[in-house]
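Enquirer: With the input below, show me the fold.
(2 chains)
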Number of protein chains: 2
Amino acid sequence: MTTPMEMTTLTEAECLALLSTEPVGRLVFTENALPAIRPVNFVLDGRDVVIRTTADSWARRVADTVVAFEVDHIVPADHSGWSVVLLGTATVLTDIDALVRVTDFRHRPWAPGPRDRYLLIRTGEISGRRLSLAPA
Amino acid sequence: MTTPMEMTTLTEAECLALLSTEPVGRLVFTENALPAIRPVNFVLDGRDVVIRTTADSWARRVADTVVAFEVDHIVPADHSGWSVVLLGTATVLTDIDALVRVTDFRHRPWAPGPRDRYLLIRTGEISGRRLSLAPA
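Expert: Modelled structure (predicted):
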């Protein structure tokens, strides 16, 4: 017998609350006309996502394109979890006011090497789903 | 002071070994000309990825397109983790021999509802990276 599971749609407020609980998300973009995905640590700036990265990297290639950003939390033990996906335009921040605003002491890059570029995803649509045990 | 971290590239054998340790991965595809991502539980069939899904879903739309599939394991406590990404062509399995071959008692869909379609990702390129504390 399979335990009954339930899939529910999350509100935007629920999505934003969940986004702020995880340090790492996955940036989804197109590279050489192929789908690409890369885990990155991030912080939220309101509804927007801020990522620190290197100057000469994929970040330059995703600038000014539409990207997806996904954050999830999966619990293998009971097959529950949630996933939030946002769509937005990636921008390399160069404006000093914007840089000061998004600078956050919590936000240190995990990957090694200098990471002196800030990539901002200006969020458009946000959607999320939760998979959980159905109430008895 | 920041703890020195190290990014290493994984071999294909290491990638495949790591893929088999996680039950859930993320299917990356294009939907209405926009990047899309969806967590799914999966099993490996050699180098290929098998996903069970519904008949009338996004699976039909990704059929015969190139997709990415990402699996990772992140440890927030020490900022370590790994990520494996494969690129491949998604196929809806209809051949009975292939269906029998990929049917696996471990592979039950987590999401509710009938999931009677098998989506196979025929893997091309596999790449992976590990982020860890640098040796002292």
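
Enquirer: alpha carbons only for contacts and neighbour counts from here, please
Expert: Noted.

Enquirer: among the helices and strands of chain A, which has the poorest mean pLDDT?
Expert: Across the helices and strands of chain A, mean confidence by mean pLDDT, DSSP states H and E is lowest for helix A:96-102: a mean of 75.

Enquirer: Can I get that one in CSV? Just the C-alpha atoms.
Expert: Extracted in CSV, the C-alpha atoms of helix A:96-102 (Å, rounded to 0.1, in the frame of the first residue of the first chain):
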residue,chain,number,x,y,z
ILE,A,96,27.0,51.7,-6.3
ASP,A,97,23.7,52.4,-4.5
ALA,A,98,22.3,49.0,-5.6
LEU,A,99,25.6,47.3,-4.5
VAL,A,100,25.5,49.0,-1.1
ARG,A,101,21.8,48.0,-0.7
VAL,A,102,22.4,44.3,-1.5
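
Enquirer: Each with direction, which strands does whichever helix or strand comes after that helix pair with?
Expert: Remark: after helix A:96-102, the chain's next helix or strand is strand A:117-133, criterion DSSP states H and E. Using DSSP bridges, strand A:117-133 pairs in its sheet with strand A:5-9 (antiparallel), strand A:48-53 (antiparallel), strand A:80-92 (antiparallel).

Enquirer: Turn those strands into a markdown table, including mean pLDDT.
Expert: Listed next are those as a markdown table, based on pLDDT from 0 to 100:
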| stretch | mean pLDDT |
| --- | --- |
| strand A:5-9 | 87 |
| strand A:48-53 | 88 |
| strand A:80-92 | 95 |
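
Enquirer: Out of the ones you listed, which is the most enclosed?
Expert: Highest mean neighbour count of the strands paired with strand A:117-133: strand A:48-53, a mean of 23 (counted as mean count of other Cα atoms under 10 Å in any protein chain shown).

Enquirer: Next, give phi and psi for A:Leu19.
Expert: Main-chain dihedrals, A:Leu19, degrees, to the nearest 10: phi -50, psi -40.

Enquirer: Specify the beta-bridge partners of the closest residue in space to it that isn't next to it in sequence.
Expert: Using Cα to Cα, 6 or more residues apart in numbering or on different chains and skipping residues adjacent in sequence, the residue nearest A:Leu19 is A:Val71, 6.5 Å away. Note on A:Val71: beta-bridge partners by DSSP bridges are A:Val84.

Enquirer: any weak-confidence spans in chain A?
Expert: Along chain A, the model assigns pLDDT under 70 to residues A:1-3, A:55-57, A:104-107, A:114-115, A:134-136.

Enquirer: returning to what we had before: pretty sure the residue nearest to A:Leu19 sits against A:Glu22.
Expert: Yes - A:Val71 lies in contact with A:Glu22 (Cα atoms under 8 Å); the separation is 7.3 Å.

Enquirer: which of these two has more neighbours?
Expert: Neighbour count, other Cα atoms under 10 Å in any protein chain shown: between A:Val71 and A:Glu22, A:Val71 has more, with 23 against 15.
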